[in-house]
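> Provide a 3D model corresponding to the input given below.
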Amino acid sequence: MSAAAALEPCTGDALIVVDVQNDFLPGGALAVPAGDAVIGPLNAILESFARRGLAIFATRDWHPLDHCSFKAQGGPWPPHCIAGSRGAAFPESLRLPPDTRVLSKAVERGRDAYSGFQGTELAQQLRALGCRRVFVAGLATDYCVRATALDALSAGFATVVLSDAVRAVDARPGDGERALLEVASRGAVLAPTQQILA
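This is a model prediction of the structure:
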């Protein structure tokens, strides 16, 4: 079997779209450089998963006004992704199918959550659907994508990170690349969407 064939989405697979929200896109409150570049490859993989009837999850930050990650509360970030706000919404250009399972995270004032598994029922839902492998993409490589991929591996799921459908904050130059190397060293496969869709 070729590498491309081995990565073709099939029964037992799920797609996890991590935090592709307006506040993380250009012009948003906490914009990831070139964050909107993930939307094209994500739409292609979303269409592929939807056509095959495979599970699609989308995580989102859904913060209270006084969330502990905000600078006013001593955290590192400006206010972003306030629950119910336009900044917390998914962009209209992201073509999430109607049956996408949306999971909100970091919803409590005093608790942060970078991983889509933290404080959600993502692992339980994946297992209930019989999923054994997850494809992870979105924002940002060095924070929520990294944490979600590592938790997926820890939970026992084979994990593929879509390398052209992630972008990094790079607070320190190279953080994004280091995050990808870390998840690969833990057992994740790094692959571009073109290889998945080949």
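> can I assume F157 is in contact with G130?
No - F157 is beyond contact range of G130, at 11.7 Å (criterion: Cβ atoms under 8 Å). Backbone N, C-alpha and C define where each C-beta goes, glycine included.
> Those two - which one has more neighbours?
F157 (25 against 10; other Cβ atoms under 10 Å).
> If the closest residue to that one other than its chain neighbours is in a bridge, with which residues?
Nearest non-adjacent residue to F157, counting by Cβ to Cβ, 6 or more residues apart in numbering: V134, 4.9 Å away. Here V134 sits in beta bridges with A14, T159, going by DSSP bridges.
> what residues are up against V134?
13-16, 126, 152, 157-160 (Cβ atoms under 8 Å, 6 or more residues apart in numbering).
> try 6 Å
Counting by Cβ atoms under 6 Å, 6 or more residues apart in numbering, V134 makes contact with 14, 16, 152, 157, 159.
> Of these - the most surrounded one?
A152 (30 neighbours).
> Would you tell me which helix is longest in the protein?
The longest helix of the chain (DSSP state H) is helix 39-52.
> now the helix or strand that comes right after it against helix 39-52, angle please.
Sequence-wise, the next helix or strand downstream of helix 39-52 (DSSP states H and E) is strand 55-61. Interaxial angle of strand 55-61 relative to helix 39-52 (axes from the mean of the first three to the mean of the last three Cα atoms, to 10 degrees): 140 degrees.
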